[in-house]
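Chemist: predicted coordinates and the sequence they were generated for:
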Amino acid sequence: MPEAEKKSMEEIISFAKRRGFIFPSSEIYGGFASVYDYGPYGVELANNIKKTWWKEMVQKNDNIVGLDSSIFMHPKVWEASGHVGGFADPLAECKNCHTRLRVDHLLEEIGVFADEKMSEEEINKLFEENKKKIKCPKCGSSDFSEAKKFNLLVKSNLGNFTGDWTKDPAYLRGETCQGIYINFKNVLDTVRVKIPFGIAQVGKSFRNEITARQFIFRKREFEQMEMQFFTHPDRAMDDYERWREKRWNYFVNILKLNEKNLKWHQHENLVFYAKAAWDIEYQYPFGFKEMEGVHYRTDYDLKQHSKFSGQDLSYRDPKTNEKYIPHIVETSVGVERIFLAVMTDFYTKEKLNDGSERTVLRLPNILAPIKVAIFPLLKNKPDLVQKAREIFENLSNDFMCEFDDNGNIGKRYRRQDEIGTPYCITVDFDTLENETVTIRDRDTMKQERIKIDELRNFLQIKLN
Ligand code: ATP
């Protein structure tokens with residue numbers, strides 16, 4: 001195995017841009033803070049991440065169903081959820097260099113944990129007590145302004161044609177799970193589900209994040225994959241533990257992330273309604289940070305929506321006739337945080353035996369944006385090009401393929417290694433004689449000769 005070395009955040013950011021994974025949004029206008037676009041390979045990788053999640057959560061569980069609720073919801077949803085009143089981050093300014101910083105994060109750095117429900121006054125007291133130990137990460141100063149809380153909900157003027165819409169806004173959703181809670185009764189009444197069951201959803205969320213840092217780890221427009229599991233209070237804690245295990249196994253066994261880069265973090269201060277909260281953290285280039293939250297939220301969410309909507313959101317057990325508000329176990333993860341973890345884990349630079357170096361994205365096959373690249377040996381030989389085109393047309397029915405006739409074969413291999421393509425097929429002069437091609441493996445770099453009509457079978461076995 002060649003020697004491999006992990007890279008820094010700067011290197012990953014520049015690689016992601018150079019190879020068409022992630023572009024800063026509106027770049028020709030100078031960019032737009034904390035908003036990013038997926039490039040051609042990025043969109044494939046993100047889609048593959050979402051597919052694996054959907055398969056593990058919905059397809060493989062007969063008691064979990066999918067949902068796609070709207071980004072816009074009745075404004076009362078956000079009052080019931082507590083977001084209008086409390087969804088706020090504490091912010092202070094470094095008086096020396098004027099960088100705005102999250103006070104809860106500064107405290108966390110020195111091992112002091114602030115409850116997200118703390119008032120502005122409480123947070124300032126804690127901040128004041130610890131200020132001397134805290135240094136601005138940009139300039140090192142310990143001179144900060146007071147903390148102020150900023151609401152993270154993004155407002156819009158949807159449906160508001162007169163008056164001051166900022167006072168009566170519709171919000172872009174701050175989390176996808178609220179769309180699940182408000183459809184709980186619809187799902188229960190229309191699909192043959194019985195408690196315990198889950199509803200899963202993938203979709204965009206929006207937050208007016210204050211600190212615009214850490215690349216796609218903290219975006220203002222991002223995508224969440226959330227599953228809410230509705231269960232009886234007596235079995236909720238067991239379900240919680242089961243989901244914790246399942247979610248850990250997803251990262252290790254399905255996404256094949258290095259287990260050394262994963263760890264559990266237990267919340268020190270639980271919000272008043274939660275009974276348990278653990279996060280799965282990943283070791284990003286800037287340290288261990290939250291990738292996914294697995295939380296036991298009790299009956300708080302359905303109770304709140306019952307109260308604010310006036311609708312009965314309880315469940316009657318068809319066997320025992322017991323009536324109760326179901327408890328909720330939530331698993332919540334951001335697509336971008338997995339994306340960045342995957343890039344961090346699999347982006348490697350290798351020294352080869354001949355002394356040269358190659359960059360290779362050692363993605364598991366299910367995540368690779370392109371599964372097979374097809375090359376004619378020479379682009380000015382019409383017979384070779386035509387044969388390679390035929391193979392492309394044939395295989396692209398089943399696999400995401402790329403056709404490349406540019407540059408020498410070595411360079412083409414390197415380009416595919418960089419984007420993580422597991423297999424490259426080359427059509428050469430022998431192909432025209434005997435209907436065989438070479439197929440080259442990304443990881444071993446070994447080539448073998450194989451008949452064209454065996455290609456599909458070979459790939460189907462290897463790629464699954
Ligand atoms: P953080 O403390 O990092 O701000 P959070 O605790 O507010 O995160 P949750 O509200 O629990 O996050 O959201 C669930 C998941 O959604 C997170 O674990 C994360 O994967 C993802 N997520 C949250 N905010 C963002 C963001 N701004 N950009 C990308 N992903 C995010």
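Modeler: Everything's here; your move.
Chemist: how about the helices of the stretch 351-464 of the chain, start to end?
Modeler: Secondary structure of the stretch 351-464 of the chain by DSSP state H, counting those that start in this stretch: the helices cover 382-395, 409-419, 429-434, 455-463.
Chemist: flag every residue of the stretch 51-200 of the chain that's near the ligand.
Modeler: Contact residues, the stretch 51-200 of the chain versus the ligand (Cβ under 6 Å from any ligand atom): Glu175. C-beta: built from backbone N, CA, C; applies to glycine.
Chemist: nearest to the ligand: which residue in the stretch 51-200 of the chain?
Modeler: Closest approach between the stretch 51-200 of the chain and the ligand, counting by Cβ to the nearest ligand atom: Glu175, at 5.9 Å.
Chemist: show me what contacts the residue lying closest to that residue once chain neighbours are set aside?
Modeler: Of all residues not flanking Glu175 in the chain, Ser205 sits nearest, at 5.4 Å (Cβ to Cβ, 6 or more residues apart in numbering). By Cβ atoms under 8 Å, 6 or more residues apart in numbering, the contact set of Ser205 is 172-176, 221-224.
Chemist: element containing Ser205?
Modeler: Element membership for Ser205 (DSSP states H and E) is strand 197-206.
Chemist: in the protein, which residue sits nearest the ligand?
Modeler: Of all residues in the chain, Gly334 sits closest to the ligand, at 2.9 Å by Cβ to the nearest ligand atom.
Chemist: where does this structure have low pLDDT?
Modeler: Along the chain, the model assigns pLDDT under 70 to residues 1-7, 212.
Chemist: sec struct for Glu108, please.
Modeler: Glu108 carries the three-state label helix when classified by DSSP: H, G, I helix; E, B strand; the rest coil.
Chemist: quick one: it from Asp115, how far?
Modeler: Distance from Glu108 to Asp115, counting by Cβ to Cβ, to the nearest Å: 12 Å.
Chemist: looking at the two, which one has more neighbours?
Modeler: The residue with more neighbours, out of Glu108 and Asp115, is Asp115; 16 against 12, by other Cβ atoms under 10 Å.
Chemist: what sits against Ile180?
Modeler: Going by Cβ under 8 Å, 6+ apart, Ile180 touches 67, 69, 199, 201, 226, 228.
Chemist: widest-spaced pair of those residues?
Modeler: Greatest spatial distance among those (Cβ to Cβ): Ser69 and Gln228, at 11.6 Å.
Chemist: contacts only, for Val202.
Modeler: Counting by Cβ under 8 Å, 6+ apart, Val202 touches 50, 53-54, 68, 176, 223-225, 335.
Chemist: how about the residue nearest to the spatial centre of the chain, nearest residue that isn't a chain neighbour?
Modeler: Centroid-nearest residue in the chain: Val335, 1.5 Å away (criterion: Cα atoms, centre = their mean). Nearest non-adjacent residue to Val335, counting by Cβ to Cβ, 6+ apart: Glu223, 4.0 Å away.
Chemist: I'd say the one you found and Gln201 touch.
Modeler: No: Glu223 is beyond contact range of Gln201, at 10.6 Å (criterion: Cβ atoms under 8 Å).
Chemist: so what's the residue count around the residue of the stretch 51-200 of the chain closest to the ligand?
Modeler: Neighbourhood size, Glu175 [other Cβ under 10 Å]: 19.
Chemist: surely it meets Met225?
Modeler: No: using Cβ under 8 Å, Glu175 makes no contact with Met225, being 11.6 Å away.
Chemist: got any residues that touch both of the two?
Modeler: Shared contacts of Glu175 and Met225, defined by Cβ under 8 Å, 6+ apart, are found at Ser332.
Chemist: could you report the distance from Lys95 to Lys138?
Modeler: Lys95 sits 12 Å away from Lys138, going by Cβ to Cβ.
Chemist: typo on my end, it should be Lys50
Modeler: 35 Å.
Chemist: so for these two, which sits in the more crowded spot?
Modeler: Ranked by neighbour count (other Cβ under 10 Å), Lys50 and Lys138 place Lys50 first, with 15 against 12.
Chemist: secondary structure class for that one?
Modeler: State at Lys50, reduced to three classes by three-state DSSP: helix.
Chemist: wait, it sits on Gly203?
Modeler: No: if you go by Cβ under 8 Å, Lys50 and Gly203 don't touch, sitting 10.1 Å apart.
Chemist: please identify the buried residues of stretch 18-38?
Modeler: 19-22, 24-25, 34, 36, 38 (16 or more other Cβ atoms under 10 Å).
Chemist: save these as CSV, and put in secondary structure and distance to the ligand too.
Modeler: Output for the buried residues of stretch 18-38, formatted as CSV (DSSP: H, G, I helix; E, B strand; the rest coil; distance: Cβ to the nearest ligand atom, whole Å):
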residue, secondary structure, distance to the ligand
Arg19, coil, 21
Gly20, coil, 21
Phe21, coil, 16
Ile22, strand, 13
Pro24, strand, 15
Ser25, coil, 14
Ser34, coil, 8
Tyr36, strand, 10
Tyr38, strand, 13
